[in-house]
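Visitor: make a model of this:
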Amino acid sequence: MSWTDERVAILTKMWGEGQSASQIAKELGGVTRNAVIGKVHRLGLSNRATSGNKAAAKPKAAAKPAAARAAKPAAKPKAAPAAAATTAAPKPNLPPRKAIIPAGQPLPPQPSANEISPEALATVREVEKKAKKISLMELTERTCKWPIGDPATDEFWFCGLPSEPGKPYCEAHVGVAFQPMSARRDRRR
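Guide: Reported below is the predicted structural model:
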């Protein structure tokens, strides 16, 4: 099926009259409702929800007395600022969005690092001084896979010390990575 100028004219006319996509598809024949909707979008035809309501509102407004028509515009400005205020106001329960950091830039301190006890951090720093500083290709099942540094730089490496049985990290990094359940529950409250 091809969209000839005649079929496009029929589509445009019926769409402007407020006919549904299914009705237009039946009238044209050989096209589906979705094909009609797709052609409407490609043609850039306006959304009928606003134009159809205006057309339907004009005959009703003509039938009403002049006093009712004068009162109606006064009600619209009251509703518009309220709608604008609700859409413009941020939702209070949402956390603030974090900034996106471009690739190759160092990451800022992560909040989880602040929650780790100072003793654990001291232990980790001491262990990292003794670390083997291995690359990704040197990792095995028995080496600590704790990443250190920024992956976008040449100074990035993995701990490489012997890992705890059944864990991906050495003893010091397991203490940082795996926290007791009660500690996590307390933080949420």
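
Visitor: what's the first-to-last distance across stretch 121-137?
Guide: Taking Cα to Cα, to the nearest Å, stretch 121-137 runs 27 Å from one end to the other.

Visitor: buried ones in that stretch?
Guide: Within stretch 121-137, the residues that count as buried by 16 or more other Cβ atoms under 10 Å are T123, V124, V127, E128, A131, I134. C-beta: built from backbone N, CA, C; applies to glycine.

Visitor: next, the second one: secondary structure please.
Guide: When the structure is split into helix, strand and coil by DSSP: H, G, I helix; E, B strand; the rest coil, V124 lands in helix.

Visitor: how near is it to D150?
Guide: When Cβ to Cβ, to the nearest Å is the yardstick, V124 and D150 sit 17 Å from each other.

Visitor: and for the third one?
Guide: For V127, the distance to D150 equals 19 Å [Cβ to Cβ].

Visitor: swap in the first one?
Guide: Between T123 and D150 the distance, using Cβ to Cβ, works out to 22 Å.

Visitor: ditto for I134
Guide: I134 is 17 Å from D150, by Cβ to Cβ.

Visitor: and for M14?
Guide: Separation of M14 from D150 (Cβ to Cβ): 60 Å.

Visitor: ok, those two, which is more surrounded?
Guide: Neighbours per residue (other Cβ atoms under 10 Å) separate M14 from D150, with M14 holding more: 18 against 13.

Visitor: now that one. Its backbone dihedrals?
Guide: With angles defined as degrees, to the nearest 10, M14 sits at phi -70, psi -40.

Visitor: that one reaches Q23, doesn't it?
Guide: Yes - using Cβ atoms under 8 Å, M14 is in contact with Q23, at 7.0 Å.

Visitor: follow-up on the earlier one: can I get the buried residues of stretch 121-137 in TSV with pLDDT and distance to V8?
Guide: Shown next, in TSV, are the buried residues of stretch 121-137 (pLDDT from 0 to 100; distance: Cβ to Cβ, whole Å):
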residue	pLDDT	distance to V8
T123	78	74
V124	78	69
V127	81	72
E128	82	69
A131	84	70
I134	89	66
